Structure formats: C-alpha cells, structure tokens
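Peer 1: Sequence first, then the predicted structure, then my questions.
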Amino acid sequence: MHSNNPASRLRHAARAALAASVLLTAPAMAQEDPAARLRPLVDRIVGSAVGAEAIPGVIVGVSWRGQRSYYAYGGPGGAPYDRNTIVEIGSITKVFTTALFAEAVREGRMQADAPIQSYLPDRPLHPCTGQITPLQLADFTSGMPELPGNAPRQLARRGIDTYTSEDFLNWVTRWTPEDTENCGQPAAYRYSNASIGLLGYLVARQLGEPWEGLVRARITAPLRMTSTSVTVPEAERARVAQGFGPDGNPVMAWPVFAWYPAGALRSTAADMLAFGEAALGHETVNDAPVPARLSEALKEAMQPIYQPSGQVFGQGMAWIENAGDPEAGQRPVFLKVGGTDGFNSVIVINPGKDLAVFIAASKPQSGIPRLGVELSRQIR
C-alpha cells in the first residue's frame, strides 16, 4: 500500500536513495549463483538495511533445495565480504554445544534429567544448584544469570587468560538459585551464557575430550567446515572481518571467555550453510556423508520444549522456534541469533522449504535476526 502522505513519501525516497548508494561488493558472484533470481529479494530485504542502518559489511548465505548462493554488501568504512570471510558468530556457538549434548544423551553418556551434581562430584554445589539438570542448562530454565556474577566488568579483562575456567567453575560452586527454600526447578526462562558454558564443560567431561576438540571431531570435520574454530590460525587472519560498534567505530575482537561453549566460535557463510544443511537433514554435505548421530542430535535440539511466559517463540535446546502465521501459509522456522560487540548474526532453518539462511553483519543490534526470518519466509 502506498502512502499519500508527502512526509512518508519523502522518507521512502530517502531510504531508496540510501539503498541505491550501498556498494554491492559481489556483482560477479550473481553470474555464478544458481539462485541468482533471489538477488532482487535479498537486495530488498537485506541490502536496503545496509544503507539505512550504516552497516559496514554484511554477508548473506542461502541454501535452498541444496543450492547455495551468497550476497555480499558493504557500507561506509567496510571491506568486501565473501563466502569465506571469517566473522564472529557469538551465541550461535550455543547450538553446537547443544548438538554435542544431544549426542551425549543418545549415546548414554549423559542423562538429560540427571542432577548436575552427579557430573561434578569433586565440587560441593549448593543443594538447589546440584538439582539442576543438563536439559535445564540447555533450555534456559536453570535460573542461572546471563553472565557469572564474578566476571570482570571490562570486556578486555574478561578473556580466559584473566578470568579462567577455574574462576568460572568456582563461581558455579558458590552460586545459589534465587529460590533456595523450594529450589524452584525448573526455573522461569532466563537466557544464560553461564548455563550453556557450564553445559559445555559437563559434555566435555562425559565425552572425555575438550569441547573444541569435540566440535571439530563431531561437527566441523565431518561437515568439512574448514574455517570454523575458536582461534583463527595465523595463516588465515587476512580473512577475518573487522567488527564495528553501534557508533561505527572499529572494536576489539571478541575475547574467548571461560564460558566459551556459549559464544566463542568464528565461522564463514560457506561453513554455516554446511551446518544449516545438516540441520535440515541432508544426507550429504560438501560431498561427505553426514553422520546420522549428528543429524538426529540437531533435529532433537531444535524441537521446542516449552513456550516462555510472555513470549511468542518456542524454546528448544538454545534454538528457538518461530511458528509464524499458519493462516498465511507460514510454517515453523528454527533460528539462533549471535551477537558480539562488533557483529550480529543469525542462522534460520526452514525445513518446510529445505532452506537455510545465514546472515552476518559487522555491527551489533542491527536487526539482522528479523531480516533472516523475513527472508526465509519470502523465498518461494
């Protein structure tokens, strides 16, 4: 519907002018793109936001019915991105951890409803803390806060070299839920980096290998995700994107925290589409067979467990379900959002369309999650 309001028309014209001024950094890619006809849609939904919100750089990856396409955009002060640009994916890391947890449960190495005290026999937890289950850590009903209460306030001092794994686990040992009279388990929904961080430690203990080694052996190596890791090798540093703050100024790289299973990974659009295809249930990804245990674990982790009070989404194991509007013919999509001081990202899985969308922007709080869901809805 078009507005007859002159001010409204002026705003639309200004937005269009900003969109037109955006530097599209990948015109040649469209010729190689098997889904080039999607470009006008991606330009309209994502490209226009680059100019309107002054985002230095954005990469969009789409896997639709097994065909991948990429769309790169650059705004003021940004550098060209492509499918191999390494970005911080922040809390998308959490769904790697919950996939490992789901595998551990399927293998009988962990029980979803066992008290976590049984997995930390060397640490005398508060009785109420000890009753929390791994599943409650995974679906944000443990009651744990977003960050450990004793973590340094300054980002530069939060790195694991300063605030160590032992510091984090000592905090877990001392922490008590708010309701200690009745323990109040499961607690109300509360998004928590601390809970997924702890879950990662428990999974590593039970599977007998460090968390990053488990990610590599069970997820990234089988899917041939060659650019996904916590620490980028020196030889690959030239591919690392610079992050920018809300004011448009460059920011420091996101530190590796003691709760790293909640947000430490760096990745690329190409790698994240491989991950998305595995989540869709593809039998092969990057010409390699997807382990059945991984496909099953991802499917299980995505399924909604409950709907948080006052929210419209269903909460799974870190994943959330956006049910959409069935009357409008929309099917559920599953997503996980990532955010750091310099990046905003989202992965959206739409099983009904055999569609995965990954978007990363070099600016925090840039509305990218909403655009990812919208794009997944409108591709048809």
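Peer 2: Yep, it's here.

Peer 1: Residue nearest the middle of the chain, spatially speaking?
Peer 2: Relative to the mean C-alpha position of the chain, the nearest C-alpha, by CA atoms, centre = their mean, is the one of I92, at 1.7 Å.

Peer 1: ok, which stretches of the stretch 51-200 of the chain are helices?
Peer 2: Assignment of helices within the stretch 51-200 of the chain using DSSP state H, counting those that start in this stretch yields the ranges 93-106, 127-131, 134-138, 165-174, 193-207.

Peer 1: okay, the angle between the last one and helix 165-174?
Peer 2: The reference is to helix 193-207. 100 degrees (axes from the mean of the first three to the mean of the last three CA atoms, to 10 degrees).

Peer 1: that older thread, report the contact partners of the residue nearest to the centre of the chain.
Peer 2: The neighbourhood of I92, defined by CB atoms under 8 Å, 6 or more residues apart in numbering, consists of 265, 267, 272, 336-338, 345-347. C-beta coordinates here come from the backbone N, C-alpha and C atoms, glycine included.

Peer 1: okay, it: pLDDT?
Peer 2: Residue-level confidence at I92 comes out at 98, pLDDT.

Peer 1: which one is it nearest to, not counting chain neighbours?
Peer 2: Distances taken as CB to CB, 6 or more residues apart in numbering place G338 nearest to I92, at 3.9 Å, with adjacent residues excluded.

Peer 1: Is the one you found in a helix, a strand, or coil?
Peer 2: Under DSSP: H, G, I helix; E, B strand; the rest coil, the three-state class of G338 is strand.

Peer 1: Can you report how many residues lie near S229?
Peer 2: 19 (other CB atoms under 10 Å).

Peer 1: M272 versus the nearest residue to it once chain neighbours are set aside, what's the distance?
Peer 2: Counting by CB to CB, 6+ apart, the nearest residue to S229 once its immediate chain neighbours are dropped is R266, at 6.3 Å. When distance is defined by CB to CB, to the nearest Å, R266 is 11 Å away from M272.

Peer 1: where do the contact lists of these two overlap?
Peer 2: Both R266 and M272 are in contact with 89, 228, where contact means CB under 8 Å, 6+ apart.

Peer 1: Please say which of these two ends up with more neighbours.
Peer 2: A count of neighbours by other CB under 10 Å puts M272 above the other of R266 and M272, at 30 against 25.

Peer 1: how much space between the more buried one and H282?
Peer 2: Using CB to CB, one gets 14 Å for the distance from M272 to H282.

Peer 1: do L214 as well
Peer 2: Taking CB to CB as the criterion, L214 is separated from H282 by 22 Å.

Peer 1: now do P222
Peer 2: When distances are taken as CB to CB, P222 and H282 turn out to be 12 Å apart.

Peer 1: Identify the contacts common to those two.
Peer 2: Overlap between the contact sets of P222 and H282, as judged by CB under 8 Å, 6+ apart, is given by V290.

Peer 1: Walk me through the domains of the protein.
Peer 2: Per automatic domain parsing, the domain ranges recorded for the chain read 20-93+212-378, 110-209.

Peer 1: Of those, which stretch is the most buried?
Peer 2: Here the criterion is mean neighbour count by mean count of other CB atoms under 10 Å, and of these the winner is domain 20-93+212-378, at a mean of 19.

Peer 1: any idea how far it is from the chain center?
Peer 2: When C-alpha coordinates are averaged (CA atoms, centre = their mean, to the nearest Å), domain 20-93+212-378 and its chain have centres 7 Å apart.

Peer 1: Where does pLDDT dip in the stretch 1-150 of the chain?
Peer 2: Counting by pLDDT under 70, the ranges of the stretch 1-150 of the chain that qualify are 1-35.

Peer 1: Please tell me how far the closest residue to E107 other than its chain neighbours sits from P152.
Peer 2: For E107, the nearest residue in space outside its immediate sequence neighbours is R293; the separation is 7.6 Å by CB to CB, 6+ apart. Spatial separation of R293 from P152 under the definition CB to CB is 38 Å.

Peer 1: And for K353?
Peer 2: Distance of K353 to P152, given as CB to CB: 44 Å.

Peer 1: Check A99 too.
Peer 2: 30 Å.
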